[in-house]
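Next comes the sequence, and after it the predicted model I'd like to discuss.
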Amino acid sequence: MPLPPLTLLWVVPALPLAGFVVNGALALAAPGAKRAVSLVGVGVLVLAFAAAALAVLELAQLHPSAPLVVGYWDWLPVGDLQVAFALQLDQLSAVMILVVTGVGALIHVFSAGYMHDDPGYARYFAYLNLFVFFMLTLVLGASFPVMFVGWEGVGLCSYLLIGFWFTEQINADAGKKAFIVNRIGDFGFLVAMLLIFWYTGSLDFGTVFPKAATTFGAGGPVITAITLFLFLGCTGKSAQIPLYIWLPDAMQGPTPVSALIHAATMVTAGVYLVVRCGALFVLSPVGSATVAGVGALTALFAATIALKQWDIKRVLAYSTVSQLGYMFLGVGTGAYAAGIFHLTTHAFFKALLFLGSGSVIHAMHRAYHATHAHEDAQDMRNMGGLARYMPWTATLMWIATLAIAGIPPLAGFFSKDEILGAAFAQGAGRPVWYVFWGMGLAAALLTAFYMTRLMLYTFHGRNRTGDREREQLHEAPPLMTAPLVVLGILTVLGGALNIPPLFGGGARLAHWLAPVTAAALAPTAEASPATEWALVAAAVLVAALGIVGAFRLLKPETLAPARLAPPERGLGRLLWKKWYVDELYDAILVRPVLWLSREVLWKVVDMRLVDGLLVNGTAAASRALGWVGSRLQTGEVGVYVVLFVVGVLAVVGAVVR
Amino acid sequence: MLLGPALAVSGVLFAVGVLGVLLRRNAIVIFMCVELMLNAANLAFVAFAQQLGVAGQIFVFFVMAVAAAEAAVGLAIILAVYRHRQTVDLQNINLLKG
Amino acid sequence: MDGTLVIFWAFAALAVMSALACITRRSAVASALWLVVTLFSLAALFVLLDAQFIAVLQVLVYAGAIMVLFLFVIMLLNLGRAGPTDLKGPLGLGVGVLLAGLLLVQLLVLRQASPVAGGPARPALEQGMIPSVARPLFTAYLVPFEITSVLLLAAIVGAVVLAKRKL
């Protein structure tokens, strides 16, 4: 019986939602039922992946040139604003849902091992499932409001999961910081939505994007404003300058959360948004250039900070910020396929890196727990030589490190190279793009360096953990190692998705995404093959330089355990302290707002105006009126008669008028 | 033809009655002033009746009947009050004070 | 018609004067008697306004019964003597005069507004006579007539109950 295409698309997000409901109920009623939670929590993700794969297959057979929209119900029929709850599947969403459910499923499996001893096990999976539901809504939404539901929802789940161990103040604070900073970005998103509705009269993707070219003057102030506000939302959600500050703090959450949300999926929502709204960004060169410029700057900036971080997760966090910068550089040039390609490959190797670090941290925790020590299990200065004890993890993380550095033929090489090539090609028309390319190249050098540094300090050299703890160190259980292996394979083979013509490949991903990216900016000049080979060579050279440089310049044997380490000095201190950005924001923004809230809004407005004048004042006025009224109750008939006559005068007076 | 002057007289008498009610303290005298007001109204009715038909005079008839009933009951009340308070001075009768 | 007007103004003046006298006497009996004079003048005015039956009723019922009742009660309560003035003090005086004055002004303004309908210059001669008053009373206004009798009964009962020493 032939159904209209993709009628069952709703199953894909509905499965994780059902998982949330069941796990949530279990969390409240039977938190100890860990087997049931594992089965449901992991099971719905695996099923969702299967459903997503089926949907994508169906899409592939249909070869549509426009997204297939499935409407479910009228959500907001308000006069001119008609918003339906509708999902759409096109080639872009297809890539996204496969990444989200696929990598998500692997991380769920890992979590079953990692979080096994945690008392909040059921709550964890409930939140994780809810997150996947919202992320799928985000990428499957057929209109801005539906997408915004997902956008906000993932922000909520991020808050819930970062602050998962909320009994510690620092974790709760990190969750709050993430949510509040995201809200600033969301404000930008909302303003952009309002502008779009104002000018086009609709918020559906299927209506806005075809109309965009005719409604907005190319390069005009309106479309530039819209794209800049949209990008503000992206800087919040995808942690770019100036709103990246929440992502390093988000490492307070459980490591699988960092892997899923803050590496593979949620933070990529901004990139997805830019590609989805390609029709808008194409019309505003200023907007696109801003995207690329901020991306390039962020890539370089975050890489510098990662050079001097000691917490293994912080290094990876800044690495994520930096790689997201690459993605934005890519989509800013109009090379949308390259940006999405890097998004996909990054999901593979970054998830692998995070999960690997999770294994490491798991082992370190175990060791310290057994000896009742109170050292920091995440500080690299307490690690060293772990390859001896965790060979699988070490090998797989080396694969990921090479990938992120951009060594061929691993996945990261092809995607990063394509982005840099696109940026360079833009430079022929506008020289500023050469600067962006330069920043990207410098960031590549630093990336290779700090990732090698991470591997050196963690897995090689002398072990600094301590003699008694050393006996407790061992490899992670198979439940946790198996997903790492799968991700490792994907990292190695992922490059095959989009091998560019230069290398004789078919650029399959680019072709797959062609219907979506058709309106992309064309490079102002096609770079000649010679230039392209030169760029490739430069990229590989830079990567190799970084790795070798790290091996030569870094001396892990001089490191002391964290407790005994000397404080940083000079430039090192500046980098370690993240260029004092957090302190800067605190002084410029946070303190004034706090002062305003306390001195003005609380003491003056709330206490004096609202409490004093309005509340107590009304009471006092009532009492006064009552007193006046009571004066009238003399009980003397004579007075009453006088009042009577006054009333009569009033009535007659009204008639006379 | 006599309507205008008659209405003027009626108004003046009414105002005099109101003045009396406001000025006097003796309950019975106040009551008499109320009767004066009623009569002023009667005069107005009769004056209009001359122009507009006999209905006005019918009205006066009923007003008188009601005034009689009211006078009876009102004076009975004053008697009852006098028995309690030994006075009909309005300033001393403030049982309504709340 | 001049004569009528002269007589009218004469009795009108009498009515107003005696009304003023009524409200200013110290003795309650004096007030009552001045009120009787006012009622008589009003009766005369009624005659001039072609309401002869009503005029007679005025004398019989109002002056003859109601005022007599008043005088009985005054005597019963021994209020006849001229006691100390029971006019209110200067504040009360001022307020009273002010309010009454305002009321007078308003009434006079209203008087200007009321249309003095053109109707026949002199209505039928028998308008004020008994048949022309009685006929509507027993036809169109029968129900109020009957209810009035019930009202009078209620008033009687009420007055008796209120005035008894012991129920």
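Structure's in. What do you need?

Now name the helix or strand holding the residue nearest the centre of chain C.
Central residue of chain C (Cα atoms, centre = their mean): residue C:39, 5.8 Å from the mean position. Taking DSSP states H and E as the criterion, the element that holds residue C:39 is helix C:28-48.

Look up how far residue A:146 lies from the residue of the stretch 51-200 of chain A found nearest chain B.
When Cβ to the nearest Cβ is the measure, the stretch 51-200 of chain A has its nearest residue to chain B at residue A:78, with 54.6 Å between them. Where you see a C-beta, it was placed from the backbone N, CA and C, and this is true even at glycine. Computed as Cβ to Cβ, to the nearest Å, the residue A:78 to residue A:146 distance reads 15 Å.

ok, these two, which is more surrounded?
With other Cβ atoms under 10 Å in any protein chain shown as the criterion, residue A:78 and residue A:146 differ in neighbour count, and residue A:146 comes out ahead with 24 against 8.

list the contacts for the more buried one?
With contacts defined as Cβ atoms under 8 Å, 6 or more residues apart in numbering or on different chains, the neighbours of residue A:146 are A:75, A:83, A:85, A:86, A:87, A:137.

Same check on residue A:55?
Contacts were defined as Cβ under 8 Å, 6+ apart; by that measure residue A:55 touches A:6, A:8, A:9, A:12, A:89, A:94, A:97.

helix or strand for the residue lying closest to residue C:133 once chain neighbours are set aside, which one?
The spatially closest residue to residue C:133, leaving aside those adjacent along the chain, is residue C:53, at 4.9 Å (Cβ to Cβ, 6 or more residues apart in numbering or on different chains). Residue C:53 belongs to helix C:52-57 when assigned by DSSP H and E.

pull the CA atoms of the very next helix or strand once past that helix into CSV?
Next in sequence after helix C:52-57, counting helices and strands by DSSP H and E, comes helix C:67-76. Output of helix C:67-76 as CSV, limited to C-alpha atoms (Å, rounded to 0.1, in the frame of the first residue of the first chain):
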residue,chain,number,x,y,z
MET,C,67,-52.5,68.7,60.7
VAL,C,68,-54.9,67.9,63.5
LEU,C,69,-53.0,64.7,64.0
PHE,C,70,-49.7,66.7,64.2
LEU,C,71,-51.2,69.0,66.8
PHE,C,72,-52.4,66.1,68.9
VAL,C,73,-49.0,64.5,69.0
ILE,C,74,-47.4,67.9,69.8
MET,C,75,-49.8,68.3,72.7
LEU,C,76,-49.2,64.7,73.8
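
average pLDDT across the helix or strand just after helix C:67-76?
Proceeding N to C from helix C:67-76, the next assigned helix or strand is helix C:90-113, under DSSP H and E. When the per-residue pLDDT values of helix C:90-113 are averaged, the result is 80.

For the residue nearest to the centre of chain C, give its distance to residue A:592.
If you go by Cβ to Cβ, the gap between residue C:39 and residue A:592 works out to 87 Å.

how about JSON lines for the contacts of residue A:146, with neighbour count and distance to residue A:549 added?
What follows is the contacts of residue A:146, written out as JSON lines (neighbours: other Cβ atoms under 10 Å in any protein chain shown; distance: Cβ to Cβ, whole Å):
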{"residue": "A:75", "neighbour count": "16", "distance to residue A:549": "55"}
{"residue": "A:83", "neighbour count": "19", "distance to residue A:549": "54"}
{"residue": "A:85", "neighbour count": "18", "distance to residue A:549": "53"}
{"residue": "A:86", "neighbour count": "21", "distance to residue A:549": "52"}
{"residue": "A:87", "neighbour count": "24", "distance to residue A:549": "48"}
{"residue": "A:137", "neighbour count": "23", "distance to residue A:549": "44"}
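
quick one, the helix holding residue C:39 and helix C:67-76 angle?
Relative orientation of helix C:28-48 versus helix C:67-76 (axes from the mean of the first three to the mean of the last three Cα atoms, to 10 degrees): 180 degrees.

tell me what helix C:28-48 is packed against?
Using 3 or more Cβ pairs under 8 Å, 6 or more residues apart in numbering or on different chains; DSSP states H and E as the contact criterion, the elements in contact with helix C:28-48 are helix B:3-23, helix B:27-52, helix C:2-24, helix C:52-57, helix C:67-76.

Same question for the helix or strand harbouring residue A:232: list its buried residues.
Residue A:232 is located in helix A:221-237, with elements delineated by DSSP H and E. Neighbour-count burial for helix A:221-237 flags A:222-237 (criterion: 16 or more other Cβ atoms under 10 Å in any protein chain shown).

try stretch A:541-559
A:542, A:543, A:546, A:547, A:550, A:554, A:556, A:559.

Just the C-alpha atoms of that stretch, please, in CSV.
Output in CSV follows, covering the C-alpha atoms of stretch A:541-559 (Å, rounded to 0.1, in the frame of the first residue of the first chain):
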residue,chain,number,x,y,z
LEU,A,541,53.5,20.3,6.0
VAL,A,542,52.0,22.4,8.7
ALA,A,543,50.4,19.3,10.3
ALA,A,544,53.6,17.4,10.3
LEU,A,545,55.5,20.4,11.6
GLY,A,546,53.1,20.6,14.5
ILE,A,547,53.5,16.9,15.4
VAL,A,548,57.2,16.8,15.1
GLY,A,549,57.6,20.1,16.9
ALA,A,550,55.6,18.8,19.8
PHE,A,551,57.8,15.7,20.1
ARG,A,552,60.9,17.8,20.0
LEU,A,553,60.0,20.8,22.1
LEU,A,554,57.9,19.2,24.8
LYS,A,555,59.6,17.5,27.7
PRO,A,556,57.1,15.4,29.5
GLU,A,557,59.8,14.0,31.9
THR,A,558,60.1,17.4,33.5
LEU,A,559,56.5,17.5,34.5
